[in-house]
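S.K.: Generate a structure from the sequence data that follows.
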Amino acid sequence: MRARPLAALLLVPALACSAESDPVGEQYTLSFPSTAAAVATESVQLLVFDVPPGTSRANLCPNLLQKRKSAQPLGKALVEGPPVSPCNASKQPVTIPFGEHALFAIARKEGKDYLLGCTLQTIAVGDPPAAVYLTPVTAQVITPTTKCPQLSAFCSRTCPN
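M.R.: This next block holds a predicted model:
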């Protein structure tokens, strides 16, 4: 039986708000395919897109992913978080309005797209964190190995030698 690598999870604070209210604390998670993939990621950025009326919910994320992979414009994002290192992502909240949105994450390495992820989520008070699962942008993506058991060990510079 082959051992499967554990995914690395990163819980990121987000602020959710409506036009009539102050922002409230919400969160989303970035789920990397492995700790090594999280360590190799130089920056991650969250884009939030509205789900337009009449849009097929089932096709929204696949269409965004395909557009990004083929270097087509994604369209106007409702919210565009800044690119941050995975180590600093939890310190950089992104304000996401209440409602149904596509959360689109771009992880970059060496200046190129490395991992992509998208999920549809209704943002409301008290909902569990939305999970964005990152996957390699192509089958040719190579993830270097790491001796770090967790992303937090890499961030705190306590990985074994």
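
S.K.: Tell me the buried residues in the longest helix along the chain?
M.R.: The single longest helix within the chain, with elements called by DSSP state H, is helix 57-69. Within helix 57-69, the residues that qualify as buried are 60-61, 63-65, 68, counting by 16 or more other Cβ atoms under 10 Å. To be clear about C-beta, it is placed using only N, CA and C from the backbone, and glycine gets the same treatment.

S.K.: which other residues reach the helix or strand L47 falls within?
M.R.: Taking DSSP states H and E as the criterion, L47 maps to strand 43-50. Strand 43-50 is touched from outside by 12, 28, 30, 60, 64, 74-75, 77-86, 89, 94, 96-97, 99-108, 132, with contacts defined as Cβ atoms under 8 Å, 6 or more residues apart in numbering.

S.K.: I'd like to know which of the residues you listed are part of helices.
M.R.: 60, 64.

S.K.: Go ahead and build a PyMOL selection from the buried members of the contacts of strand 43-50.
M.R.: Buried subset of the contacts of strand 43-50, written as a PyMOL selection, criterion 16+ other Cβ under 10 Å:
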select buried, resi 12+28+30+60+64+77+79+81+84+86+89+94+96+97+101+102+103+104+105+106+107+108+132
